[in-house]
Each structure stands twice: as structure tokens, then as C-alpha cells.
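# pasting a predicted model and its sequence here:
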Amino acid sequence: MNTKISLALIFSGLINSATAMTTSEPIQPVKPAKLTNKPLVELGKKLYFDPRLSKSGFISCNSCHNLSMGGTDNLKTSIGHNWQQGPINSPTVLNSSMNVAQFWDGRAVDLKEQAGGPIANPKEMGFTHELAVDVLSSIPEYVSAFKKVFNERTIEINQVTQAIAEFEKTLVTPNSRFDQWLLGNQSALSKKELQGYQLFKESGCVTCHNGPAVGGSSFQKMGLIKPYITDNPAVGRSAVTGKQVDKYVFKVPTLRNVELTYPYFHDGNVDTLEQAVDIMGEIQLGRKFTGDENSKIVAFLKTLTGEQPLFSMPILPPSTNKTPRPQPFN
């Protein structure tokens, strides 16, 4: 047989084998981000890191969704305007473009709608959309950047949120060790990690935690088998739908990079993955994991940490004398 043909057949076989593996598993690899509009993404990146979108001039999107901390702030609940304690744990922004909706209760249909929420929330960034736009409109470099991207003379809030959302779409974490295994690298995972994945599947965890994000694609009741005891006031989807049946129904969180996004659950009451696995086994599956089983599942979960987004920090446009003075206090 011709050597070139032989190598082609071998290579084709490897690709087909990897494809068969990924399609037969309940979890699929994260695909690298596709940069389709670089100027829009770059504008969104500046806005994401700019604290001038807040009333105090101190809080940016990155304050609660820190890209050096797994896209979260690693706090039980976030600290907002005037040092107010937020009502719920800050979900990771990494891979959030794969979510069925945004926020724990799914009240925002997409990243664009979500981006506008914190700006005008009095407990988060504490500003208004109108004042945020006024600030941006007073900065010549922003005016120029928005005109270049949107070909409009004036800045509008929907442009701001669109740009931030476009940047957030690039915040994916491909090439985790688990993804490498899915794509055919059989040595990417240890025996213990593979056993943990088998337990994860056999126990029923994949019923909710599946797909590329290993979650984020459905809403489920917290405490399906046994009530989850918490002092957190969040009631989940019922706050959006007004239906009693949706009480304590939350968006299933992604498990990508989960070792970085502690503390866990919507109330941030759980500090470790070991605790989280035991609680979820008990209240969602009606199962008591042994110490060995817990250790194996946690080992698997740590293989879901992917490559963190790499980019240069933006140089924010300087303020002018026309920029409203930051207002740290009401």
C-alpha cells in the first residue's frame, strides 16, 4: 500500500475514533472562541474592565466576574455599591455564552440583556443607564471607538451591552484534560479520574450536568429528593415566572473550571468540592457517596479546568473634565 495512503487512512481512523467518542459521551469538548468582529470585542473588553460604568467609579464587570479568579470573585455573595452585600453568589462568566439564560433565575435571555442589569442595579454598580452613557459620551476616545464600530454619532446603552456581550462570548476555556481525553488522548486522565467520570455518569449527575459546559442548559429544582436548607432568600425561577412550582428552581451551573469557582451553590454556603459532591448526592440523587467515591468524583471534576482566556489588559481611555465625578456615597 502507498505510504501516503496508509498514513491518511490511519489519521482518518483516529479522527473518526475521536468523533465517535465525543458523540457517544454526554459531555462534549469546549470549542475555541471564534473572533468575528475584533473592534467590537476590543471595545467590549475596555467596557468590561472600566469602573466608570458604576456610580462610585470603583466597580467594573470584572469586580464580580474576575478573569484571574475563574470568572468569579470567590466570595459567598458579591460586594456592591456602598459595600452592600449581594443576595446571591456570583456565577462564573467563563463559558457563559453556552447558558440557556443568564443569572441563577434565568431572568436575562442572553449575555446582552445580562450586561445591562448590574449597571442599573442599586446594590451592584448603582448607576443608571442614562448616566453611564453620559460618562462614556464625555470621553473622546470612547466616542471615536463607538462611531467606528457602530457608525452612529451617539452612544446608546444597547451598544454598550452588545459590546460587553461580544467580549464575553470569547471567554471560553477549551483544551481541558478531560477535553483532551474526549478527543482521543487516552493518557490525558488517570485511572482515578476515569473512575470518577464513570461514577459521575452512573450516579445520574449527567442528567443535569451535560453538554459542552457540563451544565447551564436547563433549570432544575434545588433539593429534588431532600430539601436544601439555607438562609438565602433567593427563590429561583418563581421570582421570574410567579409560579409556585418554580420555587427553588435554578439554572444548573456549569462545572467547567469548577475547582476555581468556589464557594458553591447559589447561596455560596459550601466551601469545598468535597462538600458540594456529598450534598448534591444526598439532595438531588438520594445517594450517600463513600469517601473513596467522593474523592474520585472530585478528581474528575478537576479535569474540567480548561485554558483560561489570555489577553492584554486594556488601556482605558482617560477621563476629561466633563466626566461626572465618582459618587462613592449616596
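Now that the structure is in, tell me what you want to look at. Residues are numbered from 1 along each chain as shown.

# what pLDDT does the residue lying closest to His209 once chain neighbours are set aside get?
In space, and not counting its chain neighbours, His209 is closest to Gly215: 4.6 Å by CB to CB, 6 or more residues apart in numbering. Bear in mind the C-beta positions are built from the backbone N, C-alpha and C, glycine included. The model reports Gly215 with a pLDDT of 98.

# give me the buried positions along stretch 185-201.
Buried residues in stretch 185-201, counted by 16 or more other CB atoms under 10 Å: 188-189, 193-197, 199-201.

# what's the separation between Val149 and Val172?
Val149 sits 22 Å away from Val172, going by CB to CB, to the nearest Å.

# that older thread, nearest to Gln84 among the buried residues of stretch 185-201?
Checking the buried residues of stretch 185-201 against Gln84 by CB to CB gives Phe200 as the nearest, at 37.5 Å.

# now do the helices in the chain.
Secondary structure of the chain (DSSP state H): helices located at 3-24, 38-49, 61-64, 111-120, 129-137, 140-150, 157-168, 177-182, 191-202, 238-241, 273-284, 291-301.

# tell me how far the second one is from the chain's mean position?
Between the mean C-alpha location of helix 38-49 and the chain-wide mean there is a distance of 18 Å, by CA atoms, centre = their mean, to the nearest Å.

# give me the angle between it and helix 140-150.
Helix 38-49 runs at 140 degrees relative to helix 140-150, counting by axes from the mean of the first three to the mean of the last three CA atoms, to 10 degrees.

# contacts for helix 38-49?
Contact with helix 38-49 is made by 35, 53, 60-62, 142, 145-146, 148-149, 160, 162-168, 170, 311, 313-314, 316-317, as judged by CB atoms under 8 Å, 6 or more residues apart in numbering.

# same thing with the fifth one?
Counting by CB under 8 Å, 6+ apart, the neighbours of helix 129-137 from elsewhere in the structure are 52-53, 55, 116, 119-120, 142-143, 146, 154-157, 160, 323-324.

# in PyMOL, how would I select just the buried ones from those residues?
Buried members of those, defined by 16+ other CB under 10 Å, are picked up in PyMOL with:
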select buried, resi 52+53+55+116+119+120+142+143+146+155+157+160+323
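
# how far away is Val93 from Glu282?
Val93 is 29 Å from Glu282, by CB to CB.

# the more surrounded of these two?
Val93 (24 against 16; other CB atoms under 10 Å).

# show me what contacts the more buried one?
61, 65, 67, 71-72, 168, 171.

# can we see that at 10 Å?
Contact analysis of Val93 by CB atoms under 10 Å, 6 or more residues apart in numbering lists 48, 61-62, 64-67, 70-72, 102, 111, 114, 167-168, 171, 309.

# picking up where we left off before, wait, isn't the residue nearest to His209 in contact with Thr254?
Yes: counting by CB atoms under 10 Å, Gly215 does reach Thr254; the two are 4.4 Å apart.

# give me the common contacts of these two.
Shared contacts of Gly215 and Thr254, defined by CB under 10 Å, 6+ apart, are found at 95, 98-99, 209.

# now, which of those residues sits nearest Asp271?
Ranked by distance to Asp271 (CB to CB), the shared contacts of Gly215 and Thr254 are led by His209 at 19.9 Å.

# give me the neighbour count for that closest one.
Using other CB under 10 Å, His209 has 26 neighbouring residues.

# and the pLDDT for it?
Looking at His209, its pLDDT is 98.

# show me what contacts the residue nearest to Ile27 when sequence neighbours are not counted?
Spatial nearest neighbour of Ile27, chain neighbours left out: Val214 (5.5 Å); criterion: CB to CB, 6+ apart. Val214 is in contact with 26-28, 30, 95, 98, 176, 178, 200, 205-206, 208, 252-258, 301, 304, counting by CB under 10 Å, 6+ apart.

# with Cys61 instead?
44, 47-51, 53-54, 67, 93, 115, 118-119, 124-125, 164, 167-168.

# if we use 7 Å, what do you get?
Contacts for Cys61 were tallied using CB atoms under 7 Å, 6 or more residues apart in numbering; they are 48, 164.

# any idea how far Gly44 is from it?
Taken as CB to CB, the span from Cys61 to Gly44 is 10 Å.

# what about burial for the contacts of Val214, which qualify?
Applying 16+ other CB under 10 Å to these flags 27, 30, 95, 98, 176, 178, 200, 205-206, 208, 252-258, 301, 304 as buried.

# so of those, which ones are in strands?
Assigned to strands by DSSP state E, none of those qualify.

# buried ones in stretch 276-287, by neighbour count?
In stretch 276-287, counting by 16+ other CB under 10 Å, buried: 276-285, 287.

# and these, which two are the farthest apart?
The widest separation within the buried residues of stretch 276-287 (CB to CB) is 14.0 Å, between Ala276 and Arg287.

# okay, the nearest residue to Gly223 once chain neighbours are set aside and Val270: tell me how far apart.
Spatial nearest neighbour of Gly223, excluding adjacent residues (CB to CB, 6+ apart): Ile283 at 5.0 Å. The gap separating Ile283 from Val270 is 12 Å, by CB to CB.

# with that, I have no additional questions.
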